[in-house]
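> Got a predicted structure plus its sequence, pasted below:
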Amino acid sequence: MKEYQTITEISGPLVYAEVDEAIGYDEIVEIETAQGETLRGQVLESSEDVVAIQVFEGTSGIDRDASVRFLGETMKMPVTEDLLGRVLDGSGRPIDDGPEIVPEERQDIVGAAINPYSREYPEEFIETGVSAIDGMNTLVRGQKLPIFSSSGQPHSELAMQIARQASVPEEEEGDDDEDGSEFAVIFGAMGITQEEANEFMEDFERTGALERSVVFMNLADDPAVERTVTPRMVLTTAEYLAFEKDYHVLVILTDMTNYCEALREIGAAREEVPGRRGYPGYMYTDLAQLYERAGRIKGRDGSVTQIPILTMPGDDDTHPIPDLTGYITEGQIYVDPDLNSQGLQPPINVLPSLSRLMDDGIGEGLTREDHADVKDQMFAAYAEGEDLRDLVNIVGREALSELDNKYLDFADAFESEFIDQGFETTRDIEETLSIGWDLLSMLPKDALNRIDEEFIEEHYREDDAEREVVEAAD
Amino acid sequence: MSKADTTDAETDNGVIQSVSGPVVTARDLNARMNDVVYVGDEGLMGEVIEIEGDLTTVQVYEETSGVGPGEPVENTGEPLSVDLGPGVLDAIYDGVQRPLDVLEGKMGSPYLDRGVDAPGIDLEEEWEFEPAVEAGDVVEPGDVVGVVEETVTIDHKVMVPPDYEGGEVVAAEAGSFTVTETVVELDNGEEVSMHQEWPVREARPANDKKTPRTPLVSGQRILDGLFPIAKGGTAAIPGPFGSGKTVTQHQLAKYADADIIVYVGCGERGNEMTEVIEDFPELEDPANGNPLMARTSLIANTSNMPVAARESCIYTGITIAEYYRDMGYDVALMADSTSRWAEAMREISSRLEEMPGEEGYPAYLAARLAQFYERAGYFENINGTEGSVSAIGAVSPPGGDFSEPVTQNTLRIVKTFWALDADLAERRHFPSINWNESYSLYKDQLDPWFEDEVADDWAERRQWAVDVLDEETELQEIVQLVGKDALPDDQQLTLEVARYLREAYLQQNAFHPVDTFCPPEKTYLMLTTIQTFNDEAFDALDAGVPVEEIVDIESAPRINRIGVQEDYEEYVEDLKAEITEELRSLY
Ligand SMILES: Nc1ncnc2c1ncn2[C@@H]1O[C@H](COP(=O)(O)OP(=O)(O)OP(=O)(O)O)[C@@H](O)[C@H]1O
Ligand SMILES: [Mg+2]
């Protein structure tokens, strides 16, 4: 392996070096500084005599005398089942004083695209125990469903609640999943604070979840460019556990906003023509190459489910980060600052939230036969109530019809009884739907035009007396 | 296009000079623009997109990690082309027409590996050829010389390729042949096989483009009823994420009364293509009960697949569509999403360091969009038959803002505009097509068809619905300020009628087994039922019945259930009678 001391230019996270051999695009590079520190990087552009290198740890400490080594291969992640229970840095190196990790395989971190023909359509319900999700925006195995939040909101609490509760049912039932697959969580932190990281770690330790988790930590004071590698390390590990070791893997990536900032930084250093708001024009493709690594594959038992978290700058979902994400993922869950300040836990706004894989994941044999209708009706009724809230501020409740008043009551009850369940409470789907019917029974039968008459017969609570009886019996 | 076709011209080959993502430059490559080349030791497929002095720029249709300077670039001397012939239907391709099922087998992995190629149609499979000509007949380019049953639904017409001269048939025999074998010989030595190749960036020739006068019936009420598209027409579906572009495209692919569907998933989700692959073989073609896949060709270049192949997938799709049009079929092409296609152009263009136009898109964006939609139309083919290509493109504007270049440039060309609306989607009003913003410029030229085939007052009834909805929009502004009860009785009643139009007529649940498909007759009957309610209700109001009593009648809410009725004719008849009776009993 040849060593070069030919650095010609250092600019932001980029280093340019002259070479006299062919260097492959994307190849891994080691740079040794005069102080003896070794930094790692990747070839961003390769031509006959000069290459552009992106240095993960940042370029500080590098000078013209630093030596550059090309490793002749693209970036790899050493994978093994023994990664479960381990804490790694953002580049996949252990930081938990555990034993040395002996990899079973070393896999390319830029995963190849899954052949669409080889995919299996995700339609297995994941019970998260959160009504706003299970009832209204159901998550299925192999889905990518991000949380759209903003700074200072309890998105981490929600993510932890999902990770904690989503794994429960099968273990409870004693008999393993019919395909015998186990559950694993892979947590990828990108640029979050030590404090946030501690919250996650404490929760993992408190609930004993760590032993079936792999944690990748790139914190706020870690190199920004490394953030472009972390999610690829995470997903390579996830694919290995899911498709070679049959795990149902839940991947939590937080915070995608920091990842995108790192992309922008690199783009700016390369003097690329910027796209919207300074983010690279290829950010859609780049994000797709991460998010599309969720899914199921024909003939394999495991699955990769992704819950990326992103904080929307200015709580604006037309900002390129949430916008491009929403165009790639299979729905999104909105954490709403207003609901949060009202004290709702979790403060999910179901109206703009969406799960696109819900329709095939619910219904008879999956959740319950009336689920789709109940969901449709609750969306319609809550939206109606929400609209009327604006009006009522102007004209007062008296000016509204009896029915409109019922919609207003419905919207209030929907938030306080259905949504606000607390971060520690888990509800099974029966309970979620039963609360749904309690609420819908506040409205006259006639108004339930999205629900099959048969289901109304079966579930509608005729009067409050009956409502209570039903509740008591539950 | 397969590697075997490579003409062995050693001297034409070059050497890689630099690599940057999907863009590779080569030295000493002797090639023409748009020639297909094989790049690097692994032979990755690429296309020449710029020639400058000694340097040739190539866009590579596969990932280029690890490819480096000094590796060879091999020229095929042929432009990027598609393989046309029996086997294109019931197939699923990537953006450069490599069959994804064949690739899975060849790669032995669910992941898309590099450097593996396969022809677009199986060159070994034998087909039963039935000649339509005999020795002595004179045939011209485009003429049908025989027929092959390609699928249970579609007879594949074997045609003299458009770039042949034509002449007298010397031999034509029935029998089993592979697509490469000659089935008809002409006196000038030309041999016709079941296989044609056609360069994707070139439109297949036609005699004439005509005014389309037949609707592409979609089975979607708001489309057929208010904003119809013609066979041979163009339409755009712009909307923010999650507003229903893909569901609408899927609905069209399932229920539109086209003969052939070409569905192009361009830079979108893998699972959406999987859904089509899993569902379409099971779903019935509403026209004949055969599996839907039997009339469908799928092109899936998902968002994580190479961006250069995303740029070409639209051309691959439209060329396949034109080929079936030449046989005299009505073809409908869906492209989801044209924005991803435009972005692929932008990405390549910026790697070429071209001068960026608006929002970084290349200056030729508008021209490319126009060229694509121009290839749609109702045509008289060169063999005298008539066929059509309808093109329906989804547009994904950043931030849902329609003022951006792709939406704007598309709107300048297409004649049907289905504007999706985030607000409607949020309240689960589906399809969330905004009835105030959308339009169809085909409406008037299609009315005669609807009047002949469905009902002679089709256009009148539609106008009535549009008027009521317009009035509602105005009234809603007042309601926002003072509440509904402050309105006079007749306006309150109009709001109630408009509510039925919105909830029963405009909304349609794509996931309900019955409601998902609504034949125009049902669309019409639903409208007449709402109008019956309207007329009877206003009569009652005139007779002094209070509006609260009118809107409270028991039978009216059943209007909302017409959509889910299988035996809708009887249901509608009963319902109209009941509404009438109930309202008349009030005075
Ligand atoms: N006609 C319909 N009936 C019922 N539900 C619908 C209908 N149209 C859309 N939806 C709902 O809206 C969701 C989003 O629709 P779709 O995936 O088509 O959005 P899109 O506009 O293609 O978004 P993107 O740009 O992100 O691809 C669907 O998953 C479905 O739940
Ligand atoms: Mg879509």
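Okay, I see it. Numbers count the residues shown, from 1 in each chain, chains lettered A, B, ... in the order given. Ligands and ions are numbered 1, 2, ... in the order given.

> the strands in the stretch 251-400 of chain A, which residues?
A:296-297, A:303-311, A:331-335, A:348-355 (DSSP state E, counting those that start in this stretch).

> Return the most buried member of those strands.
Highest mean neighbour count among the strands of the stretch 251-400 of chain A (mean count of other CB atoms under 10 Å in any protein chain shown): strand A:303-311, with a mean of 26. (Glycine included, C-beta is placed from N, CA and C.)

> wait, which of the strands of the stretch 251-400 of chain A is closest to A:E195?
strand A:303-311 (14.9 Å; CB to CB).

> Let me have that closest one in CSV, keeping just the CA atoms, if that works.
This file holds the C-alpha atoms of strand A:303-311, laid out as CSV (Å, rounded to 0.1, in the frame of the first residue of the first chain):
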residue,chain,number,x,y,z
SER,A,303,-37.6,-7.3,9.0
VAL,A,304,-36.2,-3.8,9.3
THR,A,305,-38.6,-1.1,10.6
GLN,A,306,-37.3,2.4,10.8
ILE,A,307,-38.4,5.3,13.0
PRO,A,308,-36.2,8.2,12.1
ILE,A,309,-36.7,11.3,14.3
LEU,A,310,-36.2,14.7,12.9
THR,A,311,-36.6,18.2,14.4
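
> one step back: please tabulate the strands of the stretch 251-400 of chain A in JSON lines, including the columns mean pLDDT.
Formatted as JSON lines, the entries for the strands of the stretch 251-400 of chain A read as follows, by pLDDT from 0 to 100:
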{"stretch": "strand A:296-297", "mean pLDDT": "96"}
{"stretch": "strand A:303-311", "mean pLDDT": "96"}
{"stretch": "strand A:331-335", "mean pLDDT": "96"}
{"stretch": "strand A:348-355", "mean pLDDT": "95"}
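
> Relative to B:P162, which of those is closest?
Between those, strand A:296-297 lies closest to B:P162; by CB to CB that is 41.9 Å.

> if I look at B:G483, how far off is ligand 2?
When CB to the ion, to the nearest Å is the yardstick, B:G483 and ligand 2 sit 38 Å from each other.

> ok, that residue touching A:A399?
Yes. Applying CB atoms under 8 Å as the test, B:G483 and A:A399 come out as touching, 4.4 Å apart.

> how many other residues sit next to the residue of chain B found nearest ligand 2?
For chain B, the nearest residue to ligand 2 under the criterion CB to the ion is B:T246, separated by 3.1 Å. A total of 22 residues lie near B:T246 under the criterion other CB atoms under 10 Å in any protein chain shown.

> what's it in contact with, if anything?
The neighbourhood of B:T246, defined by CB atoms under 8 Å, 6 or more residues apart in numbering or on different chains, consists of B:E268, B:E272, B:D336, B:A394.

> quick one: low-confidence parts of the chain?
The chain I'm using is chain A. A:1, A:167-181, A:464-474 (pLDDT under 70).

> Sorry, I should have been clearer: chain B.
For chain B, the stretches flagged by pLDDT under 70 are B:1-11.

> switch to 80 and redo it
Low-confidence segments of chain B (pLDDT under 80): B:1-12, B:483.

> tell me how far the longest helix along it is from the chain's mean position?
Taking residue count as the measure and DSSP state H as the definition, the longest helix of chain B comes out as helix B:458-482. What separates the centre of helix B:458-482 from the centre of its chain is 31 Å, taken as CA atoms, centre = their mean, to the nearest Å.

> What parts of chain A come near ligand 1?
Residues of chain A lying close to ligand 1 (CB under 6 Å from any ligand atom) are A:Y327, A:L354, A:R356, A:D359.

> Is it correct that B:D28 is in contact with B:G14?
Yes. Applying CB under 8 Å, one finds B:D28 in contact with B:G14, separated by 4.4 Å.

> and the closest residue to A:E3 other than its chain neighbours, what are its bridge partners?
Nearest non-adjacent residue to A:E3, counting by CB to CB, 6 or more residues apart in numbering or on different chains: A:S67, 4.9 Å away. For A:S67, the residues forming beta bridges with it (DSSP bridges) are A:E32.

> Which residue lies nearest the spatial centre of chain B?
Centroid check for chain B by CA atoms, centre = their mean gives B:M334 as the closest residue, at 1.4 Å.

> ok, it touching B:A258?
No. With the criterion set as CB under 8 Å, B:M334 and B:A258 do not qualify as a contacting pair; they are 10.2 Å apart.
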